[in-house]
Each structure stands twice: as C-alpha cells, then as structure tokens.
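Novice: Pasting the sequence and the predicted coordinates here, then a few questions.
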Amino acid sequence: MELKQVIEQRRSIRRFKPDPLPESYIMELLEAARLAPSGTNIQPWRFVVVESAEMRKRLSECTLGVNFIARAPVTFVCCADLNAVESRPKRIAELREAGAFIGTDFENINMEDYVKQRAMDRNAAKAYVSLNAAIAIEHMVLRATDLGLGSCWIMMFNQKAVKKLLNLDDNLVVVALLPVGFPDQDPPPRPRLTIKDILLQRV
C-alpha cells in the first residue's frame with residue numbers, strides 16, 4: 001500500500017475480530033517503532049505486549065471504561081524511559097561516528113557543552129521522552145494499517161494502575177495503550193479541519 005493511501009485509510013478501530021495476531025505482525029509493529037526518529041537519537045520507547053485474555057481484561061479495568069481493549073487480541077503498552085535522557089552523550093557520539101553530522105553546523109559543535117546547556121528537570125524530561133515515544137507509536141499505527149490491521153490510541157487510563165499491574169519501574173512513563181487486531185468495522189472518514197484551518201501563515 002502506498003504511504004498516502006495508508007494515511008488516508010487509517011482509522012481508530014474499536015471493534016476487533018477474535019482472530020489472534022500472527023507473531024510476525026507483532027514483530028513488524030515493534031520493528032516499525034524501533035526505526036522511528038528521536039531527538040539526539042535517544043530512542044526512549046519501551047513496550048509491553050499484552051496478549052493473554054486475563055491480562056487484557058485486567059488492563060481494560062485500568063482504563064476509563066475502554067472495555068474493547070479486552071477484546072483486541074494484543075495491546076501494546078507504550079512507555080517512555082526517563083533514563084534515556086541520560087544516554088544523550090552516548091547517542092550523540094554514535095550519531096557522530098555514523099557520520100550524521102557531516103556537512104552540517106553540528107559537525108563542529110561541542111556536544112558535551114550542548115548536553116549541559118540542555119539539562120532537563122523531571123517534568124521537561126517526561127515531556128521530551130513522551131513526545132519522542134509518540135513518534136514511534138504513530139509508526140506502529142501506520143504499519144498496522146499497512147498490514148490490514150486496526151488500532152486505536154488510548155490515553156484514558158490510570159497511569160498508576162497500569163504501572164502497578166505490569167510492575168513497571170519508576171523511570172517508565174506510560175504514554176499510550178495501543179490495542180491492535182483485525183478490524184471488525186469499516187468506519188467512514190472522520191471529520192477533519194481544512195488546510196485553511198490549520199495553516200497559520202506562509203512567510
């Protein structure tokens with residue numbers, strides 16, 4: 001499927017067939033996330049794959065009434081690792097070694113000074129890693145559409161309850177729950193603003 005077609009056909013799917021997700025599809029979605037871009041290449045995304053019927057039900061109980069999570073064959077619990085911020089010097093060194101900065105202004109910048117100047121408190125780090133994780137999640141969503149699967153971003157959940165259920169460390173922030181499966185509905189296009197509505201200016 002062409003990328004433009006994937007973007008146009010993507011829908012938030014809330015009804016799924018009971019068919020299990022092939023292991024190869026699960027790996028395809030994780031691979032799509034792995035290849036996503038991130039600021040200074042910190043790659044903060046981490047995932048829990050929830051497959052068992054019992055755990056899907058218990059996970060749905062951590063949401064604000066999003067019961068269809070229990071009926072999706074797989075839900076990815078999409079997390080961001082706050083500790084990834086501390087890896088910036090190493091990740092930047094890897095980028096430099098890979099030649100990512102050749103021919104750019106970054107080629108001669110002292111990256112140690114850059115990292116020190118861009119120090120973050122916990123709130124800033126949380127926003128930073130969550131934004132980067134969101135890019136990876138959308139990669140998964142688009143790849144799922146390409147594979148003929150449906151998915152739905154879920155952010156209506158109790159953070160503490162999900163973390164307790166899955167015994168997640170304090171350094172992990174649950175960004176979204178992503179139920180995935182074969183769609184049992186074919187919803188029409190959703191209302192969207194026009195280009196005129198979203199384009200502020202061209203200068």
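Specialist: All right, it came through fine.

Novice: longest single helix anywhere in the protein?
Specialist: helix 122-146 (DSSP state H).

Novice: lowest average confidence, helix or strand, in this structure?
Specialist: helix 111-117 (a mean of 71; mean pLDDT, DSSP states H and E).

Novice: For Tyr25, which residues are in contact?
Specialist: Tyr25 makes contacts with Leu147, Leu149, as judged by CB atoms under 8 Å, 6 or more residues apart in numbering. C-beta: built from backbone N, CA, C; applies to glycine.

Novice: From Arg56, how far out is it?
Specialist: 17 Å (CB to CB, to the nearest Å).

Novice: what's the answer for Ala124, then?
Specialist: Ala124 is 34 Å from Arg56, by CB to CB.

Novice: Looking at those two, which one has more neighbours?
Specialist: Arg56 (19 against 12; other CB atoms under 10 Å).

Novice: Pretty sure the more buried one sits in a strand.
Specialist: No - using DSSP: H, G, I helix; E, B strand; the rest coil, the assignment for Arg56 is helix, not a strand.

Novice: Leaving out chain neighbours, which residue sits closest to it?
Specialist: Ala70 (4.8 Å; CB to CB, 6 or more residues apart in numbering).

Novice: Number of residues surrounding that neighbour?
Specialist: Ala70: 19 neighbours (other CB under 10 Å).

Novice: my read: it touches Glu54, true?
Specialist: No - under the criterion of CB atoms under 8 Å, Ala70 is not in contact with Glu54, lying 9.7 Å apart.
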